[in-house]
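Participant: Sequence first, predicted coordinates after that:
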Amino acid sequence: MDKSKIILCRCEDITLDDVHRLLDEGYTTFEDMKRLLRVGMGPCQATTCGHLIQWQIANYLNQPMEEIKIQKVRPLTTGVTLNQIVEGIKHED
Amino acid sequence: MRINVLIIGGGVSGASIAYHLAKKGIKDIVVVDKSYFTAGATGRCGAGVRQQWATKTNCILAKRSIEFFEKAKEILEYDKDLEFKQEGYLILATTPEEQEQFQKNVQLQNECGIPSRYITKEEALAIVPHLNPDAFLSATFCPTDGHLNPFKMTEAYVLAAKKLGVEFRFFEEVKEIITENHQVTQVITTKATYEVNQVVNAAGGYSREIGLMAHVDIPVYSENHEILATEPTEKMQGPMVMSFSKNIYCQQVPHGSFLMGRSDPDVEKNHNTESTWKFLDEMAKTATHILPALGKLRVVRQWGGLYNMSPDRQPILGAVEELSNFFIACGFSGHGFMFAPITGEVVSDIMCNHPTSIDISELSIQRFKYQTDFHVEKSVV
């Protein structure tokens, strides 16, 4: 199977090949990959790619998957527009 | 383990210092960092690079750094894209006091060779048409300021330093610094004990704590500064838009997202980097006031990072009085990323006893010992 055609991160179009290349370059944490590939920075916040990449890292390091840390979860849970936030403040007042 | 130089902190400053030392022929350099690649302030910064400052020292540091960024990809032989974009910083004046100050700033910047100019509201609107014309009076603009990807820039330094023999060790935290006869002799980490000839403290938000381990009192503290990122959108804004009085910086990065940040005047001095509701509310109000068209964009993510604040908001670089082989690069007050090239050059020159290419008297820690009346940089968000 062509690894460059398997998408792991749908937000940023990051493929299995991209992830394997970074592993070979020595980046073996999700946080490293996030910074260099933008995985986990998109609207889904790694809910799609998180466990897929965790699995790839576990395989590469030959460690149990549960020992591989995933990314820090950041707010917001879902996209909210700046205008909606401003409107929300008015209602609070 | 016997090594030559230990650099504490693998952010962009530590990586730049490592690269410059190695380029000068220094061998056996190890960089330790307590967390993952760019976990600290470098990886949390707003990714802007600017030269429009209000102190001469900062102007010179910034100009020299931009000159390096312009050629960084070639000099460091980096294969990937640094996402360097020079579409300027547009700094809004919103009060008569700012208008007066900004004219002086531009004069100083021009004297330093920085191509900034003081412009009218109409000229500013021609550069960023979606600005709210009622939110400002006039502006300054420097077309060679811009954006650079902090992760890629740091990786470029790290890879170039590695090629010259530098070793980087992540997830290794410094626990103890042993001194004897005004020298650091050993540094003990969670993984090794290093016998060292020279030590560099480039620990960013934790540089005060590292200093104290060596009994060096560095007058810096850390505070949380927050940023948010929106969903990516079609290109609509070239320059960074910034206002000190309205407390905002906001730029569309090449990826298409907008990054925007502001300071919390009530923030506590500590190492907290959590995200707050207060930031989100204040940022949304400020951004939609100055740039109403951004109101339709969804916020995707927010995060915090540490500014390491010095008393005059200018970096502290170089040697210390107490120890002959301990050097510092800290107190960047939120601007360590954009000054990284000159930081590496100057600190490595000092460590090798080479003459420095710029006057460093205003950067030494000694300035706080004998002076109480500093020239404080006010062009800071």
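Facilitator: Cool, the structure landed.

Participant: Dump the helix ranked longest in chain B to CSV, keeping only the CA atoms.
Facilitator: In chain B, assigned by DSSP state H, the helix with the most residues is helix B:56-75. Output in CSV follows, covering the C-alpha atoms of helix B:56-75 (Å, rounded to 0.1, in the frame of the first residue of the first chain):
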residue,chain,number,x,y,z
LYS,B,56,18.3,51.5,20.4
THR,B,57,19.6,48.2,21.8
ASN,B,58,16.4,46.3,20.8
CYS,B,59,16.4,47.9,17.4
ILE,B,60,20.0,46.7,16.7
LEU,B,61,19.3,43.2,18.0
ALA,B,62,16.2,42.9,15.9
LYS,B,63,17.7,44.3,12.7
ARG,B,64,20.7,41.9,12.9
SER,B,65,18.4,39.0,13.5
ILE,B,66,16.1,39.8,10.6
GLU,B,67,19.2,40.0,8.4
PHE,B,68,20.0,36.5,9.5
PHE,B,69,16.5,35.2,9.0
GLU,B,70,16.5,36.5,5.4
LYS,B,71,19.4,34.0,4.6
ALA,B,72,18.8,31.4,7.3
LYS,B,73,17.5,28.6,5.0
GLU,B,74,20.7,28.8,2.9
ILE,B,75,23.2,29.4,5.8
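
Participant: Next, see if it gets close to chain A.
Facilitator: No. Using CB under 8 Å from any CB of the partner chain, helix B:56-75 stays clear of chain A, coming no nearer than 15.9 Å. Yep, even glycine has a C-beta here, placed from its N, CA and C like the rest.

Participant: contact partners of the next helix or strand after that helix?
Facilitator: Moving toward the C-terminus from helix B:56-75, the next helix or strand (DSSP states H and E) is strand B:89-93. With contacts defined as CB atoms under 8 Å, 6 or more residues apart in numbering or on different chains, strand B:89-93 is touched by B:48, B:50, B:52, B:99, B:102, B:124, B:127-128, B:131, B:135-142, B:145-146, B:239-244, B:246, B:290, B:379.

Participant: ok, now stretch B:105-118?
Facilitator: B:51-54, B:56, B:59-60, B:62-63, B:102-103, B:138-144, B:379.

Participant: go on, stretch B:342-356?
Facilitator: Contact partners of stretch B:342-356, identified using CB under 8 Å, 6+ apart, comprise B:5, B:13, B:15-21, B:23-24, B:26, B:61, B:64-65, B:68, B:157, B:198, B:200, B:315, B:317-319, B:327, B:329, B:336, B:357-358, B:360, B:363.

Participant: Go again with 6 Å.
Facilitator: Here stretch B:342-356 makes contact (CB atoms under 6 Å, 6 or more residues apart in numbering or on different chains) with B:13, B:16-17, B:20-21, B:24, B:61, B:64-65, B:198, B:317-318, B:327, B:329.

Participant: Can I get that stretch in PDB? Just the C-alpha atoms.
Facilitator: Taking Å, rounded to 0.1, in the frame of the first residue of the first chain, the C-alpha atoms of stretch B:342-356 are listed here in PDB:
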ATOM      1  CA  ILE B 342      22.000  37.700  17.500                       C
ATOM      2  CA  THR B 343      21.700  35.900  20.800                       C
ATOM      3  CA  GLY B 344      23.700  33.000  19.500                       C
ATOM      4  CA  GLU B 345      26.300  35.200  17.900                       C
ATOM      5  CA  VAL B 346      26.900  37.500  20.900                       C
ATOM      6  CA  VAL B 347      26.800  34.800  23.600                       C
ATOM      7  CA  SER B 348      29.200  32.600  21.600                       C
ATOM      8  CA  ASP B 349      31.600  35.500  21.000                       C
ATOM      9  CA  ILE B 350      31.600  36.300  24.700                       C
ATOM     10  CA  MET B 351      32.200  32.700  25.700                       C
ATOM     11  CA  CYS B 352      35.100  32.500  23.200                       C
ATOM     12  CA  ASN B 353      36.600  35.800  24.300                       C
ATOM     13  CA  HIS B 354      36.100  37.200  20.800                       C
ATOM     14  CA  PRO B 355      35.200  40.900  20.300                       C
ATOM     15  CA  THR B 356      31.400  41.200  19.900                       C
END
